[in-house]
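Undergrad: got a predicted structure here, sequence first:
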Amino acid sequence: MSRNFLVIEPEEGLAVLKGLASSVRVQMLKLLHEKGPMNVNDIASILALPQSTVSTNVQVLEDCGLIRTENQKARKGSQKICHPAAEEVLVVFKSEYRETRRDTIEVSMPIGLYTGFEVTAPCGLCSPEGIIGLLDVPNAFLDPDRMKAGLLWFTRGFVEYQFPNNAKLSNLEIHEIEVVMELSSEVPGTSADWPSDITLSINGKDVGVWMSPGDFGDKRGVFTPAWWKLKGSQYGKLKNWRIARDGTYVDGVRISDVTIAELDLANHHSVRLRIGVHENAAHPGGINIFGKGFGNYDQDIVLRLKTA
């Protein structure tokens, strides 16, 4: 299954907030979520509104990214079909963002703050306090408590995160990206010999594959809470992905020819980071992503933008 979330910061998402600041537009969004894609005439009929009012507000919602539209042939001419763009809108008032060096911008993203996902069971999420939702039910990845997650796992699919491109906001050129996260394979129970091909993509471009050797449970993770069973995944490997001008590296080892130029970061206000296991992976061994409160490294997913 696949779900989309729209994450905004108030300063950059004023258009979205204005889009929601209308009872008519909120009614329209609720209708689209409840009934599915609908044309302008049907929306006007169900909500008992003039077609001109609906058309005007459709344009506002489309301009701010809350809906998307497509033109389809009708008996007379064409009709505009409206689709909701996201299941949830999340307003983030503060991202954990800092400059580590004068030429480096760092953002730390909690593992539960993904903006989209498509996962298959076995799967689940945990916070340091307990299990979130139901185990092995992909819909549990919609649970609002996912924001507290310190561990998440799935067999196939991906989770996607949207980081602010703070370098673009400062008119700085990015010459390298680093992504640091704690990862392992996923198997019922644990197994140190359970390879899994884990793929990282940025802005829709697969940048490379790292083969995780296994799912580690020989000892409790340094930060893994005592209530989490010992036969469950305990810790992972801290991996450093680096996309540079001459290729992509994991822990200093070149793994692909994808360069920073291919990510076209200058034309994106955000950095979309997707991590997962492809359906056609040679070693489809699942994935565990460790965040704060689990594993051997008490950290979230870290993105570093290195500027010229």
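TA: Looks like it came in fine. Residues are numbered from 1 along each chain as shown.

Undergrad: would you say residue 56 is within a strand?
TA: No. When classified by DSSP: H, G, I helix; E, B strand; the rest coil, residue 56 is found to be helix rather than part of a strand.

Undergrad: pull the number of nearby residues for it.
TA: 12 (other CB atoms under 10 Å). C-beta: built from backbone N, CA, C; applies to glycine.

Undergrad: try residue 277
TA: Neighbour count of residue 277, defined by other CB under 10 Å: 26.

Undergrad: tell me the contacts of residue 127?
TA: Contact analysis of residue 127 by CB atoms under 8 Å, 6 or more residues apart in numbering lists 145, 148-150, 293.

Undergrad: what's the most distant pair in the residues you listed?
TA: 145 and 293 (13.4 Å; CB to CB).

Undergrad: between the two, which one's more packed in?
TA: residue 293 (20 against 15).

Undergrad: go ahead and confirm that one touches residue 130.
TA: No. Between residue 293 and residue 130 there is no contact under CB atoms under 8 Å: 11.2 Å.

Undergrad: pairing partners for the strand or helix carrying residue 209, with directions?
TA: Residue 209 is part of strand 205-212, with elements assigned from DSSP states H and E. As defined by DSSP bridges, the strand partners of strand 205-212 come to strand 196-202 (antiparallel).

Undergrad: look at residue 16 and give its secondary structure.
TA: On the basis of three-state DSSP, residue 16 is classed as helix.

Undergrad: now residue 193: how far from residue 276?
TA: Applying CB to CB, to the nearest Å, the value for residue 193 to residue 276 is 21 Å.

Undergrad: contact partners for residue 228?
TA: Per CB under 8 Å, 6+ apart, neighbours of residue 228: 126, 151, 234, 294.

Undergrad: give me the buried positions along the strand holding residue 209.
TA: By neighbour count on 16 or more other CB atoms under 10 Å, the buried set for strand 205-212 is 207-210, 212.

Undergrad: contact partners for the residue lying closest to residue 190 once chain neighbours are set aside?
TA: Using CB to CB, 6 or more residues apart in numbering and skipping residues adjacent in sequence, the residue nearest residue 190 is residue 217, 2.9 Å away. Shown in contact with residue 217 (CB under 8 Å, 6+ apart): 189-191, 230-234.

Undergrad: among the residues you listed, name the buried ones.
TA: 190-191, 232-234.

Undergrad: what's the weakest-modelled helix or strand in this structure?
TA: Lowest on mean pLDDT, DSSP states H and E among the helices and strands of the chain sits strand 96-101, with a mean of 50.

Undergrad: quick one: the strands in the stretch 1-150 of the chain, in order.
TA: All strands of the stretch 1-150 of the chain, identified by DSSP state E, counting those that start in this stretch, fall at 2-8, 38-39, 67-73, 78-84, 88-91, 96-101, 104-109, 116-119, 124-127, 130-132.

Undergrad: which one, of the ones you listed, ends up nearest to residue 181?
TA: Across the strands of the stretch 1-150 of the chain, residue 181 has its closest neighbour in strand 104-109 (9.3 Å, CB to CB).

Undergrad: in its sheet, what does that closest one sit against?
TA: By DSSP bridges, strand 104-109 pairs with strand 96-101 (antiparallel), strand 301-307 (antiparallel).
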